[in-house]
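[1] Could you work out the structure for the sequence below:
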Amino acid sequence: MRSLKLLAALFIVTLTQWPAAITWSAPTAQSDACAEVYTVQADDWLSKIADKFLGDVLAYPAIFEATNQQHAVDSTFALIENADMIEVGWQLCIPTGSQAETLLAKTAAPAELEPADLTVFAAASLTESFTEIGQQFQAAHPGVTVTFNFAGSQQLAQQLGQGAPADVFASANNTQMGVAIEAGRVISGTQQTFVRNRLTVVYPADNPASLSQLQDLAKPNLRLIMAAAEVPVGRYSLEFLDKSAQDPAFGDAFKEQVLGNVVSYEPDVKVVLTKIALGEGDAGIVYTSDVTPEVAGQLGQIEIPDELNTIASYPIAVVNNSKYPAQAAAFVAYILSPAAQEVLARYGFISTITTK
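    Below is the predicted model of the structure:
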């Protein structure tokens, strides 16, 4: 039977924060049946299993605990003595959500993190939310400081490819995370989608171009500001124009007319937002999360309907050669936690987990 190594940098904190996930005491019989019995496949990673069943990196220990408890009454279930490894063909007991919460509560005793100076590369659209989350993380882990490098995801991926030191990478799309993977800075399979986002059209509060609908982006002499095509929001903006051009309500010439109005292509979404807020353009395309309370009074918005929009997925991962892999993994786990997801939702992002 072939062994599967399942522990990567992202999972270090999960397994160190819950010691019971590594060495279990004698299991007790579990009266409730498993929500599902899963047989380990040849290409399984813990991330795949957790995403399929519980959707939470912190649920791995619950899967291990439930499986071991079920083993006590049914030997066809695996006995997981080493959480670094599972075997093809093993039967895992997947608990219900309520069972998982109970099991996690028994083992959720976070270990103290050693002091570290973490460097987090994060997409510019995450500036406000990650700044607040970073402060929360530091308060929860005295001695660990977090320094952010906010920029366009393409710039960050390029810097990683050139060897820039970093511990965590949070990208605004999978393409730039793929660039980091190809450069050997992120291990493929360790990235996790932690939040989603959507596009909106913004214009200065005084609305100099008298915009009222999306079709107005094709008005002659409109000054439109967009992010460059290599920037995630720029790529998503082009996808919006492609979809619009196929809609009879816009017409075949819509994309060409809109692009003819572009007066500048910017290196990240925050530059687009700032220029529109300052009145240096008549309209721009940004993420809904960029319209924070601090700038909302300076802007108007035109919503882009779902059928024309692109729901952007944001992946996060520990950088392969991080100086502080355990602390970096702890930060990633925190980003996936309900506390951080609440902050992200408050800033207009779409949470990837269900919070109570």
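[2] And the helices in the protein?
    Secondary structure of the chain, counting by DSSP state H: helices at 12-17, 46-53, 60-71, 97-107, 127-140, 153-161, 174-182, 232-245, 254-259, 269-277, 293-296, 325-335, 338-346.
[3] how about TSV for those, with mean neighbour count, distance to residue 77 and mean pLDDT added?
    No exception for glycine: its C-beta is placed from N, CA and C like everyone else's. Shown next, in TSV, are these (neighbours: other C-beta atoms under 10 Å; distance: least, C-beta to C-beta, whole Å; pLDDT from 0 to 100):
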stretch	mean neighbour count	distance to residue 77	mean pLDDT
helix 12-17	20	20	38
helix 46-53	18	15	58
helix 60-71	25	4	81
helix 97-107	16	15	70
helix 127-140	18	35	96
helix 153-161	23	41	97
helix 174-182	20	34	96
helix 232-245	21	43	94
helix 254-259	19	56	96
helix 269-277	24	48	95
helix 293-296	12	51	88
helix 325-335	24	27	94
helix 338-346	18	29	92
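[4] Can you convert the ones you listed into a markdown table and add a column each for distance to residue 223?
    Compiled in a markdown table, the helices of the chain are given as follows (distance: least, C-beta to C-beta, whole Å):
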| stretch | distance to residue 223 |
| --- | --- |
| helix 12-17 | 48 |
| helix 46-53 | 43 |
| helix 60-71 | 51 |
| helix 97-107 | 50 |
| helix 127-140 | 25 |
| helix 153-161 | 24 |
| helix 174-182 | 28 |
| helix 232-245 | 15 |
| helix 254-259 | 12 |
| helix 269-277 | 10 |
| helix 293-296 | 19 |
| helix 325-335 | 37 |
| helix 338-346 | 32 |
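[5] With respect to residue 208, which of these lies nearest?
    helix 269-277 (10.9 Å; C-beta to C-beta).
[6] For that closest one, which helices and strands make contact with it?
    Contact here means 3 or more C-beta pairs under 8 Å, 6 or more residues apart in numbering; DSSP states H and E; on that basis helix 269-277 packs against strand 199-204, strand 224-227, strand 262-266, strand 283-287, strand 299-303.
[7] what's the angle between it and strand 283-287?
    Relative orientation of helix 269-277 versus strand 283-287 (axes from the mean of the first three to the mean of the last three C-alpha atoms, to 10 degrees): 140 degrees.
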